[in-house]
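A.B. asks: Just a sequence and a predicted model for now, questions to come.
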Amino acid sequence: MYAINHHDLGTPASDGAAVTLDIDGQTVTVPSGTSLMRAAALAGTSVPKLCATDTLKAFGSCRLCLVEIEGRRDFPASCTTPVANGMKVRTQSDKLSALRRGVMELYVSDHPLECEACPAKGHCELESMAEVVGVTKSPYNVKGPTHQGAVADTSNPYFNFNADLCIVCSRCVRACNEVQGTFALTVDSRGFASTISASQKESFLASECVSCGACVESCPTAALSEKGLITVGKPEKAVTTTCAYCGVGCSFVAEVKGQQVVRMAPNRDGDANHGHACVKGRFAYGYATHADRITKPMIRAKITDPWQEVSWDIAINHAASEFKRIQSQYGRDSVGGITSSRCTNEEVYLVQKLVRAAFGTNNVDTCARVCHSPTGYGLKATIGESAGTQTFDSVQKSDVIFVIGANPTDGHPVFGSQMKRRLRQGAKLIVADPRAIDLVRTPHVKADYHLPLKPGTNVALLNSMAHVIVTEGLTREFYVESRCDVDSYQRWKAFVAQPSQSPEALEAVTGVPAGDLRAAARLYASGNNGAIYYGLGVTEHSQGTTTVIAIANLAMATGNVGREGVGINPLRGQNNVQGSCDMGSFPHEFPGYQHVSNDKARSSFAAEWGVTLAAEPGLRIPNMFEAALDGSFKGLYVHGEDIAQSDPNTQHVTAALSAMECVVVQDLFLCETAKFAHVFLPGSSFLEKDGTFTNAERRISRVRQAIEPLAGYADWQVTAMLSEALGYSMHYSSPSAIMDEIARLTPTFTDVSYAKLDELGSIQWPCNAEAPNGTPTMHIDEFVIGRGRFFVTEYVATAERVNARFPLLLTTGRILSQYNVGAQTRRTDNVVWHEEDLLEIHPDDAEARGIKHGDWVGVASRAGDTVLRAEVTERVQCGVVYTTFHYPESGANVITTDNSDWATNCPEYKVTAVQVSKVNHPSAWQTRYREFSKETTRVARHTDLATSS
Amino acid sequence: MHAEYLVRMANQIGDFFVPDKGESEAPAAIANHMQRFWERSMRTQLVAHWNAGGAGLSPAAFKAAEIVAAHLAATTPKA
Ligand code: SF4
Ligand code: SF4
Ligand code: SF4
Ligand code: FES
């Protein structure tokens, strides 16, 4: 069932030439290809329907939507009949009413209209359609068999399937096929016996279902319905907001009752998701009200002391006085702050403002440091803007899709589904990944080329693709000559044309057969619209920035930037990675990527903020750790980020945190970093505040408050209070006023305002005088930088090499049901799909070590060691092992090293040389971790407020 | 900060710019990168290491450190 505020148009939109017809005496003009049903709905007339809905192709099975067309004797279904010029249509007549009533009576004879007791009341289309066609009750004494009493499937933690309420309209089956692309459902049997079946008549939980909820969303009755409707009850209001998980940034309608969310219905008007969602955003919001939420501020003198609950005043003043003490003792630059991509633009903006204006230093960085900082550097250097070039919808015009170092079906599921839709329509697919990710082979999708490269060899792979393209004359010379810097192009061309860059020469490095690589390169360069999608498998390497540059080189050389269907598309991990970067949380840049040394930019910020600002870059996160270890960095304000779990070489990070004198953590939970904190300020979840997020397509969307903040304040208010206590006032009446200030100072945001966001739904920046409604596709006539710049990208092997002691390469990634450090998803029922992090190992490597499926194995690297359970699978290649990093006790980052990208210090998570062996006890680190966690998360039961100030 | 940490980063930057800009222009590009992205105390410590002989620095990174040293001297407020 769709959101309570959705007006369904019955069938999807078309984009053909205009067609004019007459519906019930009204002249209507719509694009050709539009159904009569949709045309009528657009004209304000709803034709009764059951099997049609506007996210699915029309199917024409229920026969409730019959209409009359002048000159025709039959009664065609309006959902499957397209409009035609001059057509005269009637949607109401006595004959039609009688036919519709007859159809409806059949339905309700097997689905009694006992609506008062039904949780879907008010949502159910059968109920509303019965009323529309004048059937008010089910017939008594139904003869023959019915489906009443069928056993419900309650296996999925979030939704139930009640076969007795199913009208076999097959909307769910079509949603699973067309929208999600999982093909988990079928209509089993025929006629009366027909029923909906998950996989081979399995329970939903045991089937291939990925719990995206598309079937639930499309079901017209309560046959498939959210458990929340039963446990919480009927919603009282609907609030349109944005998912707080991944960088797709899906729009949702939060249906709320009191302080509780009843369900999150994907917003069909959402520009990023068009009504689709995944298991995280759709269902895994329970963490927001989980019992582990800390809702009282707390302080302590030492991290081994128990926490003391205190008032907001005491906590804020204590934090401020500590920062002031540290600065007077060790110097202005001995403190800093870290912003989070999980927070809103307005919050990130305020935190960086606090650091620069109230602390008076540029020591502010963001967690994007550890994921997409190479994207910022690489794209700015080549094309001039630190952002993806397209919209998600652009993929619908791609002919060749090249996915490198990304796993869209797990990491960016809603976009993954959209990509699969395009692939089912015939677009070609190249996947470069050490593992056989799902896209390589999934129902009705098969990669044309899977290039299973060795971890850490992206640059060599891209150089050899460039070699083929250049030496076989597949470059677009005219495009390059008219749009790019020709000198740098010629240098690059000469470099990649060298025999040393050929696929044959580099095969030993990449492990990719030269023949496949040549074919893939030809396909990308000559397949018309070629689009590159990449993720952290590109950036999180010592040559992360070089790889981003190599991608840009390839796209420019083949003319694949500046129109729909092509482009360079970084898939951002967390929901607001793009936004946190845009909002100036890098130590060298103000909002809008304006370098701190830029006098004009700096003076405009200084004037607006009323302070003098430093003209030199501050410390980046890894530099802060180094400085803490050498004693010059002592105080840190960590806003919504869990560096102790998410950053590499855990033991190094925790040593640095332990060396600081004041760590202030603002978060929902006592996260790993909070174990090293002296002040804990309770955060607010996305449901509790107003703001905006910016997704991977530069789309700014509103976050709207659905429930009151559990701890009394939204995060932006807490940051403003801390700033005030530090002696620097921030006066904002609401986040909207913060956005107005951002717009005044950021050239790419000049025309952004909450009023405009309300009007347009969402806006893709740049949004300014030249592009008042935003910019879906960038670099159309010229690159932002002017002429696109090429760079020579020499492959340099990482220092992290295998040897006899550490013979395997570990790489890391994420899984669909869990999100990053897992702080949110681990506190939801999503754990039924992923209870622990596993180590994937190839059967040959496992056999050589006597390891069987499910064994505990020790994983040791130069940085540390941990213990995980083994999953023996051919998904990984021989010589490579793989794990996720969603559980802190797995210690995945205990083994990752502090190698990092040359330009940005983005850590090299994706390559660690390890040894794996069978063990039967946890690692020494894990034992220590458990004891330490117990000690550092104690909260004193009886707090004496007077003594804790 | 450990000199070894800074030397490793400086050499890595050189690994990118030497092939792109050539031996002669790379030092300026490396120095410019450090000026734009390295916090002042990191540059100061690198220069101190360079003054002490610059052990471990690649030839291009060594020359870059010299440029950074000159820049630091020119921008340090006189006591
Ligand atoms: S479960 Fe719902 S959507 Fe699926 S066939 Fe039954 S009524 Fe239709
Ligand atoms: S939840 Fe999604 S994957 Fe599962 S059956 Fe429904 S549509 Fe298919
Ligand atoms: S996690 Fe990503 S794909 Fe899933 S609902 Fe949220 S934004 Fe959409
Ligand atoms: S809505 Fe048209 S046939 Fe069902």
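C.D. replies: It's in. Numbers count the residues shown, from 1 in each chain, chains lettered A, B, ... in the order given. Ligands and ions are numbered 1, 2, ... in the order given.
A.B. asks: Which helix or which strand is home to the residue sitting nearest the centre point of chain B?
C.D. replies: Closest residue to the average C-alpha location of chain B: B:Ala65 at 3.4 Å, with CA atoms, centre = their mean. Secondary-structure assignment from DSSP states H and E places B:Ala65 in helix B:59-75.
A.B. asks: Restrict that helix to CA atoms and write it as CSV.
C.D. replies: Taking Å, rounded to 0.1, in the frame of the first residue of the first chain, the C-alpha atoms of helix B:59-75 are listed here in CSV:
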residue,chain,number,x,y,z
PRO,B,59,65.4,13.4,-5.1
ALA,B,60,62.2,15.2,-6.2
ALA,B,61,60.8,15.3,-2.6
PHE,B,62,64.2,16.6,-1.4
LYS,B,63,64.1,19.5,-3.8
ALA,B,64,60.4,20.1,-2.9
ALA,B,65,61.4,20.4,0.7
GLU,B,66,63.8,23.1,-0.2
ILE,B,67,61.0,25.1,-1.9
VAL,B,68,58.7,24.5,1.1
ALA,B,69,61.5,25.8,3.4
ALA,B,70,61.8,29.0,1.4
HIS,B,71,58.1,29.5,1.4
LEU,B,72,57.9,28.9,5.2
ALA,B,73,60.7,31.3,5.8
ALA,B,74,59.0,34.0,3.7
THR,B,75,55.7,33.5,5.5
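A.B. asks: Give me the residues contacting it.
C.D. replies: Helix B:59-75 has contacts (CB atoms under 8 Å, 6 or more residues apart in numbering or on different chains) with B:7, B:10-11, B:13-14, B:17-18, B:23, B:26-28, B:30-31, B:34-35, B:40, B:43-44, B:46-47, B:49-51, B:54, B:57. Quick note: C-beta positions are derived from backbone N, CA and C, even for glycine.
A.B. asks: Quick check: the residue nearest to the centre of chain B vs A:Met465, distance?
C.D. replies: Distance, B:Ala65 to A:Met465, by CB to CB, to the nearest Å: 36 Å.
A.B. asks: Let me know the pLDDT of the residue nearest to the centre of chain B.
C.D. replies: We have a pLDDT of 96 for B:Ala65.
A.B. asks: Repeat that for A:Gly573.
C.D. replies: Per-residue pLDDT puts A:Gly573 at 69.
A.B. asks: and the closest residue to B:Arg40 other than its chain neighbours, what does it touch?
C.D. replies: Counting by CB to CB, 6 or more residues apart in numbering or on different chains, the nearest residue to B:Arg40 once its immediate chain neighbours are dropped is A:Glu616, at 5.2 Å. Taking CB under 8 Å, 6+ apart, we find A:Glu616 in contact with A:362, A:596-597, B:39-40.
A.B. asks: So in the chain, which helix runs the longest?
C.D. replies: By default, I'm working from chain A. Looking across chain A with DSSP state H, the single longest helix is helix A:312-330.
A.B. asks: let's do chain B instead
C.D. replies: Chain B, longest helix under DSSP H: helix B:3-21.
A.B. asks: helices or strands up against that helix?
C.D. replies: Judged by 3 or more CB pairs under 8 Å, 6 or more residues apart in numbering or on different chains; DSSP states H and E, helix B:3-21 is in contact with helix B:26-37, helix B:40-51, helix B:59-75.
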